[in-house]
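Chemist: what would the 3D arrangement of this be:
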Amino acid sequence: MLAVCGGAMAQSPVVIGDVDGDGECTINDVTALYNYLLFDDGSAMVAGDQDGDGYITVGDVTWVYNVLLYVSHDDGHDYIDLGLPSGTLWATTNVGANAPEDFGDYFAWGETEPKDVYDWGTYKWCMGNYNTMTKYCTISGYGYNGFNDGGPEWRMPSLEQLEELYNNCTTEWTTRNGVTGSLFTSNINGASLFLPAAGCRSNSSLDDAYGFCWSRTLYSSEPNYAYGLYFDSGYVGWGSSDRNYGRGVRAVRVQKEQEHEYVDLGLPSGTQWATMNIGANAPEEYGDYFAWGETEPKDYYDWGTYKWCMGNYNTMTKYCTISGYGYNGFNDGPRMMPPPPPGAQGGACRHLTKFKSCRITVRLSGQRGTA
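Modeler: Below is the predicted model:
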């Protein structure tokens, strides 16, 4: 194997998997690596160290194969398909970055341009303080009470998508091309996603001892905070942070579903509605009937046949938020955990949580008509 210390081979390629420097990743890049490893012929190799470990080995061949199998290009963005249940596709780089290990640009939550100073005085969506919000606010005591704007197909991940990423991947704190970060490897298809430890910009200073990527989900009780994915050498989870801090963004999109027809109503959330009810073959058909939380139709619908109770409305066994009605808990969501040891929060992240289980969602469509 070759230790890469300098020169062209140590440079990160502009295109992921582009070993021979022709501007794209093809089977020719695998051939270039094989020729070097087997015959010591590096004539076609420009960037051999693809996995960023400082050496050119068979691991780089595996890396390029994974790029060929799982990395795609759409709407001007490269993305990785981790085989996630929701169909979420993750961009290969942070917004503003040219390679997976690049930090990219920093954004205060809800802003679209990087800047030099990150504090409440420069934050776009307030009047100088955390409780004078002018947009993206869910509690009137913190300012304007409303949550505006949806988003295009590429957008910040939701808290549920962060949870899904964690629950379906193995994480490893590692170094790529001299940059530390967390490698998320899918337990479903083996594809991997690298997130650099880009840290946080507060005022004009940078703390890059850990990683934190914004989500689009606000902290429910204090909308001056928003959730994000936190990771360092000993911890991966999600936390909330002041919106005025500058942090990295790793965009996602949901894979287009070809097996279902849908209508795009131009809704702010980006939601697309199926053209017909589940089980129907046309918009005017009724389709199948479901008791809430069940996934199969049946012949008889009452409390005696309901899956998530013990025969009566006040004996719930799942999906129940009031103890007097049975089991007190709403399953299939995240579980709160103790915060990490002191110092692990980077000074600007709190409410850290580890994930418990994967939330699988089913898209239900309604029928609207006039009698």
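Chemist: could you use CA atoms for every contact and neighbour count after this?
Modeler: Will do.
Chemist: residues contacting the closest residue to Tyr301 other than its chain neighbours?
Modeler: Spatially, and ignoring its direct neighbours in sequence, Tyr301 is nearest to Ala291 (7.1 Å; C-alpha to C-alpha, 6 or more residues apart in numbering). With contact set as C-alpha atoms under 8 Å, 6 or more residues apart in numbering, Ala291 has these partners: 297, 301, 306.
Chemist: again, but for Met310
Modeler: Counting by C-alpha under 8 Å, 6+ apart, Met310 touches 303-304, 316-317.
Chemist: burial measure for Asn28, as a count.
Modeler: 15 (other C-alpha atoms under 10 Å).
Chemist: so it, which of the three states?
Modeler: Here Asn28 is helix, with the state taken from DSSP: H, G, I helix; E, B strand; the rest coil.
Chemist: spatially nearest residue to it, not counting backbone neighbours?
Modeler: Among residues not flanking Asn28 along the chain, Asp20 sits closest, at 7.6 Å (C-alpha to C-alpha, 6+ apart).
Chemist: same question for Val61.
Modeler: Per C-alpha to C-alpha, 6+ apart, closest to Val61 is Val30, 6.0 Å.
Chemist: for that neighbour, give its distance to Pro100.
Modeler: 20 Å (C-alpha to C-alpha, to the nearest Å).
Chemist: and if you look at Tyr301?
Modeler: Taking C-alpha to C-alpha as the measure, Tyr301 falls 52 Å from Pro100.
Chemist: neighbour count winner among those two?
Modeler: Between Tyr301 and Pro100, counted using other C-alpha under 10 Å, Pro100 has the larger neighbour count: 23 against 12.
Chemist: tell me who's in contact with the more buried one.
Modeler: Neighbours of Pro100 in contact, by C-alpha under 8 Å, 6+ apart: 92-94, 194-196.
Chemist: which SSE is it in?
Modeler: Using DSSP states H and E, no element contains Pro100; it sits outside every helix and strand.
Chemist: start the count at 665, not 1, going forward
Modeler: Sure, I'll start numbering at 665, so the last one becomes Pro764.
Chemist: distance of it from Leu746?
Modeler: Counting by C-alpha to C-alpha, the gap from Pro764 to Leu746 is 15 Å.
Chemist: ok, Thr802 next?
Modeler: Distance of Thr802 to Leu746, computed by C-alpha to C-alpha: 33 Å.
Chemist: ramachandran coordinates for Cys833?
Modeler: Dihedral angles of Cys833 (phi, psi; degrees, to the nearest 10) stand at phi -130, psi 150.
Chemist: hang on, isn't it packed against Phe848?
Modeler: Yes - under the criterion of C-alpha atoms under 8 Å, Cys833 makes contact with Phe848 at 5.6 Å.
Chemist: check the secondary structure at Leu829 for me.
Modeler: Assignment for Leu829 (three-state DSSP): helix.
Chemist: quick one, grab the pLDDT at it.
Modeler: Leu829 is assigned 94 on the pLDDT scale.
Chemist: wait, it sits on Leu748?
Modeler: Yes - with contact defined as C-alpha under 8 Å, Leu829 counts as touching Leu748 (7.4 Å).
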